[in-house]
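J.: Next input, structure requested:
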Amino acid sequence: MSLHTPYHHGDLRAALLTRAEATLREVGVDGLSLRQLARDTGVSHAAPSRHFRDKQALLDALAVTGFERLGDRFEQAVTQGPITKRLQTVARAYLRFAVDNPELLPLMFVRRHDSTADDIQQVVDRAFAVPIALIAEGQAAGEIVPGDPKRLGLTALAALQGLATFIGSGYTADYDSEQLLDDLVGHLTLGLLPR
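T.: Okay, the predicted model is just below:
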């Protein structure tokens, strides 16, 4: 939806979230307001409040949609084959998502979400179910070190997030990002192998 395309019918909540994410990309969290969102979508200034009681509720909803999309990417990335190959495809899916959504990702991982928003934790659990299940499967097959699969996944995620931040900032411009990902996944995989 372009900035000048007024909202006419259909799912207003979805239209508001789409416009909010575009605004987030353009001007960041500080430039996001429910009033401006109403103007941009061509609805009354009160219309967004029917779906989001305040800006934090809007940010929480953006985080939820981000985790839903990330979970979908993980599910689409799962292939057949050896655990290490499957983990590589999931790692690539995360890195691409992180690089494609540099404004949304920090919002997803901020812990200021409304404590009553159980849907955020549920969608986070769903999003990371695929990589955690792959780690557990690898452990059961003796291909990955023992330990808490979620903790191992968190360590790998932190490394991937760091690489995504470097790529997004241009810090790694002298290197091929796919090769950097291959290097990182190779090192992570070696670290996960039983000793």
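J.: The lengthiest helix in the chain - contacts with which helices or strands?
T.: Ranked by residue count under DSSP state H, the longest helix found in the chain is helix 55-77. Secondary-structure packing of helix 55-77 (3 or more CB pairs under 8 Å, 6 or more residues apart in numbering; DSSP states H and E): helix 12-27, helix 34-41, helix 83-100, helix 104-109, helix 118-127, helix 129-140. (Glycine included, C-beta is placed from N, CA and C.)
J.: Give me the domain ranges for this structure.
T.: Domain assignment for the chain by automatic domain parsing gives 1-52, 63-192.
J.: Lowest average confidence across those, which one?
T.: Among those, domain 1-52 has the lowest mean pLDDT, at a mean of 83.
J.: picking up where we left off before, what's the closest of the helices and strands packed on helix 55-77 to D176?
T.: helix 83-100 (12.9 Å; CB to CB).
J.: helices or strands up against that closest one?
T.: Right, helix 83-100 is packed against helix 55-77, helix 129-140, helix 149-169, helix 177-192 by 3+ CB pairs under 8 Å, 6+ apart.
J.: cutoff 10 Å now
T.: Packing partners of helix 83-100 (3 or more CB pairs under 10 Å, 6 or more residues apart in numbering; DSSP states H and E): helix 55-77, helix 104-109, helix 129-140, helix 149-169, helix 177-192.
J.: could you check the angle helix 118-127 makes with it?
T.: 140 degrees (axes from the mean of the first three to the mean of the last three CA atoms, to 10 degrees).
J.: quick check: angle from helix 83-100 to helix 129-140?
T.: 160 degrees.
J.: now the angle from helix 83-100 to helix 55-77?
T.: Using the same axes, to 10 degrees: helix 83-100 against helix 55-77 is 140 degrees.
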